[in-house]
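> Predicted coordinates and the sequence they were generated for:
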Amino acid sequence: MKYTLRVWRQNGPDDRGRLVEYTVDGITPDMSFLEMLDVLNERLLLDGDESIAFDHDCREGICGMCGLMINGTAHGPQKATTTCQLHMREFDPRKPITIEPWRARPFPVVRDLVVDRSALDRVIESGGHVGVHAGAAPDAHAVPVPKPDADRAFAAAACIGCGACVAACPNGSAMLFTAAKAVHLAALPPGQPERGTRALTMVQTQDDLGFGGCTQAGECATACPKEIGTDVIALLNRDVLWKVD
Amino acid sequence: MNYTEGTPLRDTRAPDGPLETRWERRRLAARLVSPANRRRMSVIVVGTGLAGASAAATLAELGYQVLSFCYQDSPRRAHSVAAQGGINAAKNYAGDGDSTARLFHDTIKGGDFRARESNVYRLTEVSGAIIDHCVAQGVPFAREYGGLLDTRSFGGAQVSRTFYARGQTGQQLLLGAYQALARQIHAGRVVSRPRTEMLDLVVSDGRARGVVVRDLVTGEITTHTADAVVLATGGYGNVFHLSTNAKGSNATAIWRAHKRGAWFANPCFTQIHPTCIPVGGDHQSKLTLMSESLRNDGRVWVPARPGDPRRPAEIPESERDYFLERRYPRFGNLVPRDIAARATKAVCDEGKGVGRGVYLDFADAIARLGRDVIAERYGNLFEMYQRITAEDPYSTPMRIYPAVHYTMGGLWVDYDLRSTIPGLFVVGEANFSDHGANRLGASALMQGLADGYFVLPAVIGDYLADGPFGAVSPEAVDEAEDSVHATVAALLAVNGDRTPESFHRELGRVMWDHCGMERSADGLAEALKRIPDLRADFWRRVKVTGSGSALNQTLEHAGRVADFLELAELMCLDALHRAESCGGHFRAESQTPDGEARRDDERFAYVAAWEHTGGTPVLHREELAFTAVRPSERSYR
Ligand SMILES: Cc1cc2nc3c(=O)[nH]c(=O)nc-3n(C[C@H](O)[C@H](O)[C@H](O)COP(=O)(O)OP(=O)(O)OC[C@H]3O[C@@H](n4cnc5c(N)ncnc54)[C@H](O)[C@@H]3O)c2cc1C
Ligand code: FES
């Protein structure tokens, strides 16, 4: 099969960038979306062009490194699926595919489809952890945890930090990301002592970094490949208010 | 390629005497660095997987100044994130008779008696504390309704000692370690440098004192110095091109350290995992693992009649060959990986395979436990399978085939995790230490975290107590930097007609065919002929566009392929010299009449540590002494 692509090319943060059209041939339905880009890149390289830069690593939907705007949708058309898990059988060869980087104020473009998401690390650094050092822990069975709490923690902790929520949000807010971490830790006993401060600090940090505010548009949850729901945002807000009081 | 024999490796720095107290005695004997002096000492940690992130965080907790590197855009994305199934620990929470001694025994036997007893014992001893620490960090392990931790069984074990977080155990453990690291970054005790690749090691006055790195965004090449260097850069399975490893996983850091004097142990010990999604087409970029935990409930079978065209549901029980259950009734579907992988290959070679694979069938488990229970246990794996293959494993059996997964070989380290270069420590999959010739499932996560949280922090002080080590020689820095600049320039200068990917693919095929699941003297000799040719061709014909002073993924890949092309040769040499079968290393010439591996303890009960000379490699043997377990035939029948 043959596809027409419009791919965002940008030489560096200061370049203005533009969409460039390519056709790529010899694509089979069982190829992954990124394998399709690999095919194009090998061809570009042999033609003496520079290959298209895009982030990826695990290629199985867990590292959170990949992330493309495909026809205007973060991670493309398939629900609960990262870019690396898309397959070409989902795409109609008659329709051109537009591929762009995540766009959000705190995510400057590094090159082509690669953006700098390190602001998300800053949010976690500011408070997304538990203050325990190695060797100090009691026996793991010292405190039983009700299964529903453990399950809730797990569901929130499934966040892969890809940034799709930020890219999808009209305000460029990181609330879903931040809330997922806060709720993960708030659901478990070790997360209790720092619960209020954690929530407040992380929210303040994301504001300082230039992420937008949450207006409950809900686009984040739709884009989230791990199906984290906006309920975590309500829970985070509760902890923040509790602390502010 | 030939080799010469060097002096044997005698001192592993492990105390003598009873195994059970070695670690305690070693810790007591290790010198400490006072808290005030720790603040003045710096340690470089390359890698932020389970081993590197846990090491960096813990060293910072102790007060050392830490500089941490990884090639991804965030430490949280290290390849450990992809581990699915679980982590072992001898907690005996299931009350099924587990103990440190039993986990030790299983690991030594699982490794086919090619691992060092003292290290393995220590690993099993600290395993329980890992679970305690991770729970205290907030790792959301699976729990039972009573609120206690749930466990499951993995291959090579008859007890239930594997802790898990659905099919995302690696992710959750890594996030725990990453968050601990993040806390130290925030506290200013760790400086984190993501998107930075280590390209050389700086050795000054005989000590590892720094690394030369390339900033992957700007292309800038710089040197960072410290009092000690820790490599936690993971495994080198990608030498096979197609593997379950992340695309960026590479051998560059350990290979370049090897060229600076760190000996490489058992390079040919590779683990081929039995349950992966089979190769689809020529443009396949990686292979996807279906966790071993699936073998708790899934049954592996093929049609008894070769070439049976019927759909799986139409084949009656009596016409199916549950070959693992048949051949290994005691362990059944839960035999260790090397055994399952080889048995799978054998039935496929007999023509019983089904479209490049064998079935992994959940019908019985779904009938017994219900669909919900299966979904709860393996839901995300089933989804992953369905996305890739467009088949629904709830209603039709999965198809699976073995794939390269893990490398037991790595840089040689002693009991203190010191390599043969003073000041260079190696942790996690990058070292060779604990798994012998075959790693048991769920033991890599255990080893990475044991090394990082508990072992390295306890012993690094004994080295640093001799410091500070004075200024780093400027000549050593210049020499290392010049060599990195030269390699980058050379890759850009060739401007040939083949992509780095095409070389990688070709190398992978040579390795899979000749240094894969079954190895023979002829095949290895063939590979040893072809690899140098391919390498020469690479340096004549590789094409890398763009520049060295910007983000250039083609350049990154080319550099890694160049190193794989060198490492591959050492792997084949090691495989050729080890004329026995053990664990994942199966030599066609060394098998029993019924096709099982035949180990040769008389000749090969040693670790092969290779020294790089620039010319003929030198083999140093570390003889393995077994005091607590007697090497026996490794039978799972
Ligand atoms: C799909 C899959 C599933 C698995 N499941 C399990 C399981 O269930 N249980 C289990 O016990 N084991 C499992 N394993 C094995 C286990 O995940 C790995 O062995 C382990 O995570 C390796 O951890 P590590 O810290 O040593 O290295 P990695 O996690 O591989 O980390 C390597 C780090 O080094 C960095 N790095 C590498 N090279 C350079 C360089 N040149 N310069 C700078 N940085 C560099 C990387 O950026 C990364 O941060 C699995 C493996 C795979 C592939
Ligand atoms: S590449 Fe890891 S999630 Fe897509």
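The structure has been received and is ready for your questions. Ligands and ions are numbered 1, 2, ... in the order given.
> Please, where are all the strands along chain A?
Secondary structure of chain A (DSSP state E): strands located at A:3-9, A:18-24, A:69-70, A:73-74, A:97-100, A:109-111, A:114-115.
> wait, I meant the stretch 501-637 of chain B
Here the stretch 501-637 of chain B has its strands, by DSSP state E, counting those that start in this stretch, at B:606-611, B:618-623.
> Contact partners for the closest residue to A:T23 other than its chain neighbours?
The shortest distance from A:T23 to any non-neighbouring residue, by Cβ to Cβ, 6 or more residues apart in numbering or on different chains, is to A:T4 (5.3 Å). C-beta coordinates here come from the backbone N, C-alpha and C atoms, glycine included. Each residue near A:T4 by Cβ atoms under 8 Å, 6 or more residues apart in numbering or on different chains is listed here: A:21-23, A:96-97.
> any idea how far B:I460 is from the residue in the stretch 451-600 of chain B positioned nearest to ligand 1?
Using Cβ to the nearest ligand atom, the single residue of the stretch 451-600 of chain B nearest to ligand 1 is B:G452, 7.5 Å away. Distance, B:G452 to B:I460, by Cβ to Cβ, to the nearest Å: 11 Å.
> Who has more neighbours out of the two?
Comparing B:G452 with B:I460 by other Cβ atoms under 10 Å in any protein chain shown, the one with more neighbours is B:G452, at 31 against 27.
> helix, strand or coil for the more buried one?
Here B:G452 is recorded as helix under DSSP: H, G, I helix; E, B strand; the rest coil.
> next one: B:A246
Under three-state DSSP, B:A246 comes out as coil.
> which ones are touching it?
A:57-59, A:63, B:79, B:82, B:286.
> B:V629 and A:C165: what is the separation?
Per Cβ to Cβ, B:V629 is found 51 Å from A:C165.
> Comparing these two, which residue is more hemmed in?
Comparing B:V629 with A:C165 by other Cβ under 10 Å, the one with more neighbours is A:C165, at 30 against 15.
> In contact with that one: list those residues for me.
The contact partners of A:C165, taken as Cβ under 8 Å, 6+ apart, are A:74, A:173-177, A:219-221, A:223-224, A:228.
> Just send those residues back as a markdown table, with neighbour count, pLDDT and distance to ligand 1 too.
Compiled in a markdown table, the contacts of A:C165 are given as follows (neighbours: other Cβ atoms under 10 Å in any protein chain shown; pLDDT from 0 to 100; distance: Cβ to the nearest ligand atom, whole Å):
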| residue | neighbour count | pLDDT | distance to ligand 1 |
| --- | --- | --- | --- |
| A:A74 | 26 | 98 | 24 |
| A:S173 | 25 | 98 | 29 |
| A:A174 | 30 | 98 | 23 |
| A:M175 | 26 | 98 | 28 |
| A:L176 | 26 | 98 | 25 |
| A:F177 | 30 | 98 | 21 |
| A:E219 | 20 | 98 | 31 |
| A:C220 | 28 | 98 | 27 |
| A:A221 | 17 | 98 | 27 |
| A:A223 | 23 | 98 | 25 |
| A:C224 | 25 | 98 | 22 |
| A:I228 | 24 | 98 | 23 |
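> can you tell me which of the residues you listed are in helices?
Counting by DSSP state H, the contacts of A:C165 place A:175-177, A:219-221, A:223 in helices.
> Could you verify my assumption that A:A158 touches A:C224?
No. Look at A:A158 against A:C224 with Cβ atoms under 8 Å: they stay out of range, at 9.3 Å.
> for chain B, what's the longest helix?
Max-length helix for chain B by DSSP H is helix B:553-577.
> Give the other helices and strands that it contacts.
When contacts are defined as 3 or more Cβ pairs under 8 Å, 6 or more residues apart in numbering or on different chains; DSSP states H and E, helix B:553-577 packs onto helix B:252-259, helix B:474-494, helix B:500-515, helix B:521-541, strand B:606-611.
> Return the most buried member of these.
Across the helices and strands packed on helix B:553-577, averaging neighbours per residue (mean count of other Cβ atoms under 10 Å in any protein chain shown) puts helix B:252-259 on top, at a mean of 25.
> quick one: average pLDDT of that one?
Mean per-residue pLDDT for helix B:252-259: 98.
> for stretch A:7-17, same thing?
Computed over stretch A:7-17, the mean pLDDT rounds to 96.
> That one close to chain B?
Yes. Using Cβ under 8 Å from any Cβ of the partner chain, stretch A:7-17 reaches chain B at A:11-12.
> and that stretch, C-alpha only, in CSV?
C-alpha atoms of stretch A:7-17 as CSV (Å, rounded to 0.1, in the frame of the first residue of the first chain):
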residue,chain,number,x,y,z
VAL,A,7,5.0,15.6,8.2
TRP,A,8,6.1,18.5,10.4
ARG,A,9,9.8,19.3,9.7
GLN,A,10,11.6,21.7,12.0
ASN,A,11,15.4,22.0,12.2
GLY,A,12,15.5,23.2,15.7
PRO,A,13,13.8,25.3,18.4
ASP,A,14,14.4,28.5,16.4
ASP,A,15,13.3,27.3,13.0
ARG,A,16,9.8,28.1,12.1
GLY,A,17,9.0,24.7,10.8
